[in-house]
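# sequence? don't have it. structure:
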Ligand code: FES
């Protein structure tokens, strides 16, 4: 492998462990879908903190747990508000709802917030094993479906056994080349979503110009006939990049909470300047100059 800025790296076995696989050849982007979720935290007295870890189910679920903080105290963490990447305009309201929950149920003032994303496979099992049937020394671990702390450990066990030629009792279950169920509710919905975004999003911002982008906001606009993703920073300066995701050509959407451009098709994410934040893309958004 030739690295972008440095030397050539030679290895007999390679593991692609990049959350979504950055190699499209295994089609994992089409066998899973990206889901963002949110977490807020605040300091809580140990004698008022919940004693266990809790997770809800269904729409509006919350997960609740504590973790030690750097100052020797305790943080109460509340997570939830998951949604498909790039398919919600009001991402900042999701943080707000979690913060309200923290205050209303525990009287805790929020001090921290995070969000991240993971890929859910259609059969809810991770893909761990050879990249394709013809790859004998290239492996993948992806589709952890929000259970990365558990499934990454499983991946480490299965893949180390595979590379060392040892039998692993779970290898067949997680086999990354297993047939993927194509007609589940989730897979049909995902393919419909991708198709409708690929076509329908090309008309977004058709009648908007860069003048309509407010400070602190991002918006799809049209400039010289091209669809542009434009962000105006708090100093009024405009940052313009192509709205076309370099992965497979879908149109990115603005994420107000993270100030990023997110692709609704397979979850690639870019900074407001177009730099890569998250794969599967391996290329940034093209820079645009708008005067
Ligand atoms: S991530 Fe696949 S088209 Fe954008």
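Noted; the coordinates are in hand. Please read these numbers as outputs of a predicted model, since none were measured by experiment. Numbers count the residues shown, from 1 in each chain.
# contacts and neighbour counts: CA atoms only from here.
Will do.
# check residue 275 and give its pLDDT.
Here, the pLDDT recorded for residue 275 equals 97.
# low-scoring stretches of the chain, by residue?
Low-confidence segments of the chain, defined by pLDDT under 70: 181-186, 291.
# residues of it that sit close to the ligand?
Within the chain, the positions lying close to the ligand (C-alpha under 6 Å from any ligand atom) are 245, 247, 248, 249, 250, 263, 265, 266, 267, 268, 280, 281.
# columns secondary structure on top of these, output as JSON lines?
Conversion of those to JSON lines gives the following (DSSP: H, G, I helix; E, B strand; the rest coil):
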{"residue": "245", "secondary structure": "coil"}
{"residue": "247", "secondary structure": "coil"}
{"residue": "248", "secondary structure": "coil"}
{"residue": "249", "secondary structure": "coil"}
{"residue": "250", "secondary structure": "coil"}
{"residue": "263", "secondary structure": "coil"}
{"residue": "265", "secondary structure": "coil"}
{"residue": "266", "secondary structure": "coil"}
{"residue": "267", "secondary structure": "coil"}
{"residue": "268", "secondary structure": "coil"}
{"residue": "280", "secondary structure": "coil"}
{"residue": "281", "secondary structure": "coil"}
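# out of these, which end up buried?
245, 247, 250, 263, 265, 266, 267, 268, 280, 281 (16 or more other C-alpha atoms under 10 Å).
# domains of the protein?
Split into domains by automatic domain parsing, the chain comes to 11-31+122-166, 33-120, 204-278.
# run through the residues that contact residue 236.
Shown in contact with residue 236 (C-alpha atoms under 8 Å, 6 or more residues apart in numbering): residue 215.
# now swap in residue 161 and tell me
Per C-alpha under 8 Å, 6+ apart, neighbours of residue 161: 167, 168.
# in the helix or strand hosting it, what's buried?
Using DSSP states H and E, residue 161 falls within helix 148-163. By 16+ other C-alpha under 10 Å, the buried positions in helix 148-163 come out as 148, 151, 152, 154, 155, 158, 159, 162, 163.
# do stretch 116-135 as well
117-123, 125-132.
# and which of the residues you listed is nearest the ligand?
Of all the buried residues of stretch 116-135, residue 119 has the smallest distance to the ligand: 11.9 Å, by C-alpha to the nearest ligand atom.
# ok, the closest one touching residue 33?
Yes - assessed by C-alpha atoms under 8 Å, residue 119 is found in contact with residue 33 at 5.3 Å.
# just to revisit the earlier point, and the domains of the chain: which comes nearest residue 286?
Closest to residue 286 of the domains of the chain, according to C-alpha to C-alpha: domain 204-278, at 5.2 Å.
# would you map the helices across the stretch 101-250 of the chain?
Counting by DSSP state H, counting those that start in this stretch, the stretch 101-250 of the chain has helices at residues 148-163, 171-174, 185-200.
# neighbours around residue 278, how many?
20 (other C-alpha atoms under 10 Å).
# centroid residue for this structure?
The centroid of the chain falls nearest to residue 117 when counting by C-alpha atoms, centre = their mean (3.1 Å).
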